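Engineer: quick one: sequence and predicted model below, then my questions.
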Amino acid sequence: MNYDFRKIEAKWQEYWAKNKTFKASNNSDKPKFYALSMFPYPSGAGLHVGHPLGYIATDIYSRYKRHKGFNVLHPMGYDSFGLPAEQYAIQTGQHPAITTENNINRYREQLDRLGFSFDWDREVRTSDPKYYKWTQWIFIQLFNSWYNKKSDKAEDIETLISTFEKEGNANVEAACDDDTPSFSATDWNNFSAKTKQELLLKYRLTYLADTEVNWCPALGTVLANDEIVNGVSERGGYPVIRKKMTQWSMRITAYAQRLLDGLDHIDWPQPLKDSQTNWIGRSEGASVKFRVMSEKLRVDNSELKTQNPSLEIEVFTTRPDTIFGVSFMTLAPEHDLVAKITTPEQKAAVEAYVEATAKRSERDRMADVKTVSGVFTGAYAEHPFTKEPIPIWIGDYVLASYGTGAVMAVPCGDQRDYDFAKHYNIDIPNIFEGVDISEEAFADKATTIIANSDFLNGLSYKEATKKAIAELEKIGQGKGKVNYRLRDAVFSRQRYWGEPFPVYYVDGMPQMIDVEHLPLELPEVEKYLPTETGEPPLGNATHWAWDAKNKKVVSNDLVTLSARLPDGQAVEGSDKGDGMLNQVQHDGIYPLELNTMPGWAGSSQYFNRYMDPRNNEAIFSKEAIDYWQDVDLYIGGSEHATGHLLYSRFWQHFMFDRGYVPKAEYAQKLINQGMITGESAFVNRIGFNITFEGDDVIFKNNIPVTSGFGALSFLSEDEKQSLRLLQEKYKFIKKHFLSEGVIHHFKKSNDENEVSLEIREKLTNFFTKDLGKEIEELGLKNKVRPVFVRIGNKYSFYKTHALVDFVNLKNELDVDAFKNWQTEYKDAEFIGEDDGTFKVSREIEKMSKSKYNVVNPDAICEEYGADSLRLYEMFLGPLEQSKPWNTAGITGVFSFLKKLWKLYAPYVDGSLSGVEAEPTAENLKTLHKTIKKVEEDIENFSFNTSVSTFMICVNELTAQKCTSKSILEPLAVLVSPYAPHIAEELWERLGHSGSIAEVPFPKFEGKYLVESSKEYPISFNGKMRFKLEFPTDMDSKAIEAAVLAHEKTQEQLQGRAPKKVIVVPGKIVNIVG
RNA sequence: GCCUUGGUGGCGGAAUUGGUAGACGCGCUGGAUUCAAAAUCCAGUGUCUUCGGACGUGUGGGUUCGAUUCCCACCCAAGGUACCA
């Protein structure tokens, strides 16, 4: 009986679903294990073979843990809010909810075919109101919390209010806005309700702030940094301006230190930890203020004279110990002060430099360390201690976005400052004892002894730093500071398809909707674009106002006059036109927030929601969170390193502080699965231009290399114009593709040679067909002849993606399929190989629909089955590494499964006659070797090697003709996490009823592996030359004697006396000589 | 530039604490079976070779009886990035 994977897989998938085999219970005597894969965004393209890689790994581990006696939670869901559905909605008008639903159904179908042990009863969707109710709930908790630096945790905002009432904010140490004023208890108690709200916003963990965004007026939307190219929008090339917008922010900076410290307690990949560490970017040092020397300022700068007699430049430095080495300052060209301090003489140069800098990208400025550039502003700052003037420069090596956007330059201690000073002939004072700085800067803190520095002389880096900070504090021009690169996270998005904020505005001040009225559901809108007045898409909703009395969403028309959104906008229908709306009548009805939450909102607590996903009373019950605690194993892509994985840790810390969860870190172990890359196929064109003989063509070695269009003087203007049109039409050889072998000739010979001449002839023949015909139609057949001209002095190649499905294993293209694929290729022509085939070139790229290199798992399941696909994905290589997909290789694991099936033949077809065979010592050795290796592999997440182990095991048992049930039964369990369908089927055929899922994992017994002899490799100077077999209990001395006495040894030594003999018992013998 | 990861046959990869380099699979070659193909089975398959053997894990050094593995310097590729003061 053959291995009918289609039947078997359908049968068991149905069985698992019907019997809820993988349903996890929230109470059990078994130890718990929570295995989680990052949930996907359900895109319209469906799953490709790269997606399930991590899911398969998590599934194998989950199934293994079930065999090991754990109560396993292995859920799956969808991160279903997101931009693609919204963009599709903008294009087609279809509601994103519908698109999303369709995509989810498709994903579910695909996932079901792969035989995962998900507990589907716990599925969550971030766009489901029942789910985002709790995302809104967390937002409210954050709003109602502040960060107390004394207790080093988040606390209820009420504790802050009561402190304010008693003693004002003088003794409060909190994470808050920089511009928070100080006030007494009396002040506080006399403040208006609105002022109180404004002040509290400066402390809340989520707060409204004016944030600069990239606003594109033409598109009416905010753009991400990577949507902007050279200052204009990537789409359409419209101008982009920096615009302040009132947006919600998350005070993640309050947690900077704890997020950093927490990394020491979790088993996450080091590169990921590094990337979070760098993102948080902690540096210790001092903030120092330098006064700008006013007498050097522009005399007619009235603003400075009147308002800013003591203009200051604040810098952050990690080396306050080197303060006496400062010989200039550098401001970022974008720095606010630049325009104010620049002297008239320097104005032109500075402005030109600022303009030039604006055109460079930050990446560009950052990567280019070789060119030194900058301009002197003409202004001077005053050294805080020596009172000496310090020239102020601007330079693009200083970035405005970090620290204060200004640097105190210490050329003797910093290489960049050093290079800058050398380049512009600025003084380089040496403040290090016994160090030569004539060639380069000296940046070694460990061996630093400060000199020429007044009160710092003779001190080490540490001592001097401490002392310098103390002195700066004394004169009020600086203080010790820990600087973080991490910024508070903007939490507002001007989009439709996201969580609505549970927020309405009374007189511009945000109010939270009470939890019992959640969820606040997304309103329906006519169109998903921003409004004409530039409001987010929710501004299109007609029913988007909050009736605070009746606690429901009502029509915008009812909004009171005094109700304002925070940036002063009134909601549509409020006081437009005559302004006669009746305020009294509509009292208590307020505009709702028009922004929605960002993509990471829904994914920041989903792992906890899975613990109790149907709970409508709480985000999860206490029992559920107390039982499951945290995620034991989390598998997902490394691209989420600083997005999802940092923000979710922040929320978890917050939830921990407020006592909702028992663990501050939610995932003990995390693994980044590597990407599966695709092998793209390219058809190639070569870049020729055409011109016409009689034209001023220059020939070089018989090949035309340049073209013009001036010498066809014998033609009329009309005829010339027609030829120009033809030239344009045939520009490059657009529809003429060259096989890889043909291209290869050109690539090999960028200079002229006979090969390319021959091919050129071929090309000409192609053209004369089409082009010749057109020339004939113009009546110019006898006047001109087309000539092909190389562009520039090298051949240029153009490649176009071809759908990989059209290419066979020998890289041969199905030309007809390609022609029918897209209309533009319909009449394309192909210059093939000598044997008539047409070959494509191949390149490894990220698997993506746009690169036409995706491989669909459905097709693989259809042809080889899910078990083959699962095994093959694991067999490809180490889980964490990226590796190319090659469908051809799957036959290896497929035939393994067939061999496995055959091994069980006596049980499968019931042909076993007589008494069942006892296992032989050989059988047992093979089995236990396999148990040991597979168990170790799973524990180490080395799934690729266990597939090899299975193959070896089946090869050996087949050779041994093993039919023993006591071997085949445990083998089925071993295989079951990897290839669950076939394992279930074999288990049943072995005579068991019920699922194999919870059968105990076989126990390894070392006694079956004990050997009586060992084949020793005998090496000479480390090179293995031959092998000799000795009993395992033979001692080193005896082995040495036996080896030396052996004739092969003598042969190797050729009469030399061995200098040394190393015998490692059980391992190796090495003879030196 | 910096950070991270990686570099082993034609390809994916294996080698667990420094101990037989290339397991396992693909591909390829030859053979069996077949009218033929697919499928299946058997044998071979790192390179060079004077058929004794020699060489071989990105390059160059080093440590060691012994290095894919440890150390130093460098080259290349991929991903990330913030010249972070």
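Structural biologist: Cool, the structure landed.
Engineer: how far away is the residue most central in space within chain A from RNA strand B?
Structural biologist: Taking CA atoms, centre = their mean, the centroid of chain A lies closest to A:E639, which sits 1.7 Å from it. The gap separating A:E639 from RNA strand B is 7 Å, by CB to the nearest atom of the strand, to the nearest Å. Glycine gets a C-beta too; all of them are placed from N, C-alpha and C.
Engineer: and A:F650, by the same measure?
Structural biologist: 16 Å.
Engineer: show me what the strand or helix carrying that residue is packed up against.
Structural biologist: In this assignment (DSSP states H and E), A:F650 forms part of helix A:644-657. Secondary-structure packing of helix A:644-657 (3 or more CB pairs under 8 Å, 6 or more residues apart in numbering; DSSP states H and E): helix A:129-143, strand A:153-156, helix A:256-262, helix A:270-280, helix A:606-609.
Engineer: what residues does the last one touch?
Structural biologist: If you take CB atoms under 8 Å, 6 or more residues apart in numbering as the criterion, helix A:606-609 is touched by A:36, A:39, A:77, A:79, A:124, A:126, A:131, A:134, A:619-620, A:625, A:631, A:634, A:648, A:652, A:655, A:661, A:666-667.
Engineer: so which of the residues you listed sit within strands?
Structural biologist: Judged by DSSP state E, the contacts of helix A:606-609 include A:36, A:634 as members of strands.
Engineer: for the residue nearest to the centre of chain A, phi and psi?
Structural biologist: Dihedral angles of A:E639 (phi, psi; degrees, to the nearest 10) stand at phi -70, psi -10.
Engineer: ok, it - contacts?
Structural biologist: Per CB under 8 Å, 6+ apart, neighbours of A:E639: none.
Engineer: please repeat the previous calculation with a cut-off of 10 Å.
Structural biologist: For A:E639, the contacting residues are A:38, A:645, A:672, A:675, by CB atoms under 10 Å, 6 or more residues apart in numbering.
Engineer: wait, isn't the first one in contact with A:G643?
Structural biologist: Just to be clear, that refers to A:M38. No: if you go by CB atoms under 10 Å, A:M38 and A:G643 don't touch, sitting 11.3 Å apart.
Engineer: leaving aside the residues next to it on the chain, what's closest to A:M675?
Structural biologist: Leaving aside its sequence neighbours, A:M675 sits nearest to A:S882 (CB to CB, 6 or more residues apart in numbering; 4.3 Å).
Engineer: next, count neighbours for the one you found.
Structural biologist: By other CB atoms under 10 Å, the residues close to A:S882 number 16.
Engineer: cool, and the one 10 residues further on?
Structural biologist: Neighbour count for A:G892, taken as other CB under 10 Å: 14.
Engineer: quick one: classify it as helix, strand or coil.
Structural biologist: Here A:G892 takes the helix state, with states given by DSSP: H, G, I helix; E, B strand; the rest coil.
Engineer: give me every residue that touches it.
Structural biologist: A:G892 sits next to A:868, A:871-872, A:875, A:947, A:951 when contact means CB under 10 Å, 6+ apart.
Engineer: please name the residues that touch A:F950.
Structural biologist: Counting by CB under 10 Å, 6+ apart, A:F950 touches A:871, A:875, A:893, A:896-897, A:899-900, A:930, A:933-934, A:971, A:974-975, A:978-979.
Engineer: nope, A:A379 is what I meant
Structural biologist: A:A379 sits next to A:292-294, A:296-298, A:311, A:313, A:329, A:331, A:337-338, A:340-343, A:346, A:389-393 when contact means CB under 10 Å, 6+ apart.
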